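Enquirer: this one's sequence-less:
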Ligand code: UDP
């Protein structure tokens, strides 16, 4: 059951709830998208119907940011804890390692994404890494082919908002074997630190 704030959907699921739901969808070959919702995005959605559509058409809208929690509390809603983009990514990395799902990393500067991956390899030695591309790559079609050929099942897209969400929207139908898409903003920078 989704909650709605100023017309924007927010999922009340916890990290564990999302992973469990995702597993079921993956078993049926269904693609899922995860978008982080914060007050800036809720406000942008008021000005721009396209932004609202982009958020509401995602599979999971996670309540990143304390502002959404405050709104939930005022409305007496069901959302009691934050689900941040970076922690969602951490939970998905653990899930990918346990289940052997290959992961692709797209976005951020070359030195940031490579350092993030080497840190992730150190803490998740069994994680299958399908590949990576920095976020300043120009040829979108070639990148999509590369991702498709990599065997990735989960992709993290770190281009900032709304660039990453628009990239996911444009390309997910061309990547039928990628089942989980998360727009992660500056999270590669966090993992590289
Ligand atoms: N970025 C990118 N390509 C671009 C623009 C941005 O790869 O064309 C990367 C940038 O290097 C940084 C991330 O996207 O790693 C943006 O993070 P930011 O914290 O600005 O995103 P937010 O979470 O605020 O949307």
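Expert: The structure has been received and is ready for your questions. It should be emphasised that the depicted structure is a prediction, and the values quoted were computed from it without experimental measurement. Numbering: from 1, shown residues only.
Enquirer: what residues sit buried inside the host helix or strand of residue 143?
Expert: For residue 143, the enclosing helix or strand under DSSP states H and E is helix 140-150. For helix 140-150, burial by neighbour count (16 or more other C-beta atoms under 10 Å) applies to 144, 146-147, 150. C-betas here are computed from N, CA, C, even on glycine.
Enquirer: quick check: the farthest pair among these?
Expert: 144 and 150 (10.7 Å; C-beta to C-beta).
Enquirer: distance of residue 46 relative to residue 170?
Expert: Distance, residue 46 to residue 170, by C-beta to C-beta, to the nearest Å: 24 Å.
Enquirer: quick check: residues of this protein near the ligand?
Expert: 107-109, 112, 135-136, 158-161, 163, 185-186, 188-189 (C-beta under 6 Å from any ligand atom).
Enquirer: again, only using 5 Å
Expert: Counting by C-beta under 5 Å from any ligand atom, the residues of the chain close to the ligand are 107-108, 135, 159-161, 185-186, 189.
Enquirer: so what does residue 51 look like in phi/psi?
Expert: Residue 51 has phi and psi values of phi -60, psi -40 when expressed as degrees, to the nearest 10.
Enquirer: ok, now residue 132?
Expert: Per-residue torsions, residue 132: phi -150, psi 160 (degrees, to the nearest 10).
Enquirer: specify the local secondary structure of the residue lying closest to it once chain neighbours are set aside.
Expert: In this structure, residue 132 finds its nearest non-sequential neighbour in residue 105, 4.1 Å apart by C-beta to C-beta, 6 or more residues apart in numbering. Per DSSP: H, G, I helix; E, B strand; the rest coil, the local secondary structure of residue 105 is strand.
Enquirer: now do the contacts for residue 105.
Expert: Residue 105 makes contact with 113, 116-117, 129, 131-133, 155-156, 158, 188 under the criterion C-beta atoms under 8 Å, 6 or more residues apart in numbering.
Enquirer: who is it paired with across the strands?
Expert: residue 132, residue 156 (DSSP bridges).
Enquirer: ok, it to residue 120 distance?
Expert: Distance from residue 105 to residue 120, by C-beta to C-beta: 8 Å.
Enquirer: then residue 52?
Expert: From residue 52 to residue 120 the distance is 33 Å (C-beta to C-beta).
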